[in-house]
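# Build me a model from this:
(one chain, ligands or ions: 1)
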Amino acid sequence: MIPQKIVVLATGGTIAGRAARQHDNIGYTAAQVGVEDLLDAVPGLKPRVFAAEQVAQVDSKDMGHDVWRDLARGCSRWLAHDEVAGIVVTHGTDTLEETAYFLQAVLAPRKPVVLTCAMRPATAIAPDGPQNMLDAAAVAMTHGASGVLVVCAGTVHGARDVAKRHTYRLDAFSSGDAGPLAYVEEGLLRQVRPWAAHADANADLLARVLAAAELPRVEIVMSHAGASGAVVEALVAQGVDGIVVAATGNGTVHRDLEAALLNAQTAGVKILRATRCAEGVVVGNGKEALPAAIDLSPVKARIALMLELLR
Ligand code: SIN
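Okay, here's the model as predicted:
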């Protein structure tokens, strides 16, 4: 039997935002509208929904590890149901790429887990949330789709490559050099790249994530003109577990900051270098004193390092 139903897990964001005036697309409060009302705004969706849960109700700038763990737990539970084809997660755009990367890392699911969002609040004259939800549901119900995916403005992105690239446009996400995985057109999927590899072997990592009292503390520092080692020294003094440096260009770091990072590394703090450039990867020979996150942005490198420390 091919499963035909989806589960919707809501976490807040602009898609659930409310403004006092219909023509106001920025002066709204995120995370106000409940999951049932979100579903009601999408014609024909409810009969395809196996279950809907309000996992959280947050502006995603305030996203935290506890919500991530609740989401991972919920996804894992619902994915195990034979009747469930896939999951749609509604989420704010601001940290959506981080949640997507985290879920892909700990679940690597065979079925699709589709994060979707909106750039305009639910109260807008022309909200983009209902169409995005409809498109996300189409992807979640597509037989053969897999992995953690992001659907926005008719485009399907993979969790590893996707990043928010625009502050205002409805089509706010990009997969950079890699490009999107697919497009949704009138409910049909046009796939242009293969889905991410799925593992179904991450049970151990998921168990560790759920069992940990707290996830390891990994902070991000940025290399910039006039940088110093002061922030790194303060973090080391506080007992930080790992530091990601958002490096310039092809992974270069201001010499004063680099000196502090090397000292931190010698003291046992894990360091990872990611580029602060929006496009491209850190191209190196693997022999540099500070290891590189290659294609991961600083925010995703932070998650990768956190999970590595948990292992
Ligand atoms: C948020 O990220 O929760 C607010 C902004 C948005 O969803 O676009």
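# residues near whatever residue of the chain ends up closest to the ligand, how many?
At 1.9 Å from the ligand, residue 92 is the closest residue in the chain, using Cβ to the nearest ligand atom. C-betas here are computed from N, CA, C, even on glycine. Using other Cβ atoms under 10 Å, residue 92 has 25 neighbouring residues.
# backbone phi and psi for it, please?
Dihedral pair for residue 92: phi -70, psi 150, per degrees, to the nearest 10.
# was I right about it contacting residue 29?
No: with contact defined as Cβ atoms under 8 Å, residue 92 and residue 29 do not form a contacting pair (11.8 Å).
# hey, what's in contact with both of the two?
residue 59 (Cβ atoms under 8 Å, 6 or more residues apart in numbering).
# Tell me the residues of the protein that contact the ligand?
Listed as neighbours of the ligand in the chain under the rule Cβ under 6 Å from any ligand atom: 12-14, 30, 59-61, 92-94, 117, 119.
# helices or strands next to the top strand by length along the chain in the packing?
Scanning the chain for the longest strand, with DSSP state E as the assignment, gives strand 49-58. Packing contacts for strand 49-58, counted by 3 or more Cβ pairs under 8 Å, 6 or more residues apart in numbering; DSSP states H and E, involve strand 5-12, helix 35-40, helix 65-79.
# looking at the ones you listed, which is buried most?
Highest mean neighbour count of these: strand 5-12, a mean of 25 (counted as mean count of other Cβ atoms under 10 Å).
# re the thing from before, dump the residue contacts of the residue of the chain closest to the ligand.
Contacts of residue 92 (Cβ under 8 Å, 6+ apart): 11-15, 30-31, 58-61, 63, 117.
# How is residue 261 assigned, secondary-structure-wise?
Each residue gets one of three states, and residue 261 gets helix by DSSP: H, G, I helix; E, B strand; the rest coil.
# SS state for the closest residue to it other than its chain neighbours?
Spatially, and ignoring its direct neighbours in sequence, residue 261 is nearest to residue 271 (5.2 Å; Cβ to Cβ, 6 or more residues apart in numbering). Assigned by three-state DSSP, the conformation of residue 271 is strand.
# From what I see, residue 271 and residue 264 are in contact.
Yes: taking contacts as Cβ under 8 Å, residue 271 lies within contact range of residue 264: 6.3 Å.
# Walking through this protein, point out its helices one by one.
Taking DSSP state H, the helices of the chain run over residues 35-40, 65-79, 96-107, 129-140, 203-211, 230-237, 255-266, 298-310.
# hey, what's in contact with both of residue 271 and residue 264?
Counting by Cβ under 8 Å, 6+ apart, the residues touching both residue 271 and residue 264 are residue 243.
# ok, and for stretch 38-58, which residues are buried?
38-39, 42, 45, 48-50, 52, 54-58 (16 or more other Cβ atoms under 10 Å).
# To clarify, my last question referred to stretch 253-263.
Going through stretch 253-263 with 16+ other Cβ under 10 Å, the ones that come out buried are 253-254, 257-258, 260-262.
# farthest pair in those residues?
Longest distance between any two of these is 12.5 Å, between 254 and 262; criterion Cβ to Cβ.
# who touches residue 14 in this structure?
Residue 14 sits in contact with 28, 30, 92-93, 117-121, 129, where contact means Cβ under 8 Å, 6+ apart.
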